[in-house]
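Q: sequence unknown, structure follows:
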C-alpha cells in the first residue's frame with residue numbers, strides 16, 4: 001500500500017469537500033446531491049467507495065485507509081471550525 005499516494009487522494013477529496021461549519025454538515029465531492037450531508041461521517045458511504053474505486057483505482061484496503069483519514073480530517077475540521 002503506497003501511503004504517499006493514498007495521502008494525496010485524501011488531500012484531494014478533502015480539498016473538494018465543502019463544509020458548513022455553522023450547521024456542522026459537509027458536502028463531499030462524491031455526492032451528486034446539491035444538499036449538504038447532515039449524517040455523521042463515521043461509516044463509509046457506498047458512494048465514497050465507488051468514487052475511490054472509479055476515480056483513483058483503489059482496492060478495499062486502500063479505500064478503508066483513505067476513508068479513515070478523510071473521516072478524521074473532516075471531523076477535526078468541523079469540530080475546530082477549520
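A: Arrived safely. Computed from a predicted model, the values in this text were never measured in an experiment. Numbers count the residues shown, from 1 in each chain.

Q: what sits against the residue most central in space within the chain?
A: The C-alpha lying nearest the average C-alpha coordinate of the chain belongs to residue 70 (CA atoms, centre = their mean; 4.5 Å). Taking CB atoms under 8 Å, 6 or more residues apart in numbering as the criterion, residue 70 is in contact with 10, 13, 14, 41, 48. To be clear about C-beta, it is placed using only N, CA and C from the backbone, and glycine gets the same treatment.

Q: so can I have a markdown table of those showing secondary structure, neighbour count and pLDDT?
A: Shown next, in a markdown table, are these (DSSP: H, G, I helix; E, B strand; the rest coil; neighbours: other CB atoms under 10 Å; pLDDT from 0 to 100):
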| residue | secondary structure | neighbour count | pLDDT |
| --- | --- | --- | --- |
| 10 | helix | 20 | 97 |
| 13 | helix | 23 | 94 |
| 14 | helix | 17 | 94 |
| 41 | coil | 20 | 54 |
| 48 | helix | 21 | 88 |
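
Q: Looking at those residues, which one is closest to residue 81?
A: Nearest to residue 81 among these: residue 14, at 15.4 Å, using CB to CB.

Q: Just confirm that closest one contacts residue 74, I think it does.
A: Yes. In this structure, residue 14 is within contact of residue 74 by CB atoms under 8 Å, at 7.0 Å.

Q: rewinding a little: ok, of the contacts of residue 70, which one's closest to residue 66?
A: residue 10 (5.4 Å).

Q: Once you drop chain neighbours, what's closest to that closest one?
A: Excluding its sequence neighbours, the residue lying closest to residue 10 (CB to CB, 6 or more residues apart in numbering) is residue 69, at 4.4 Å.
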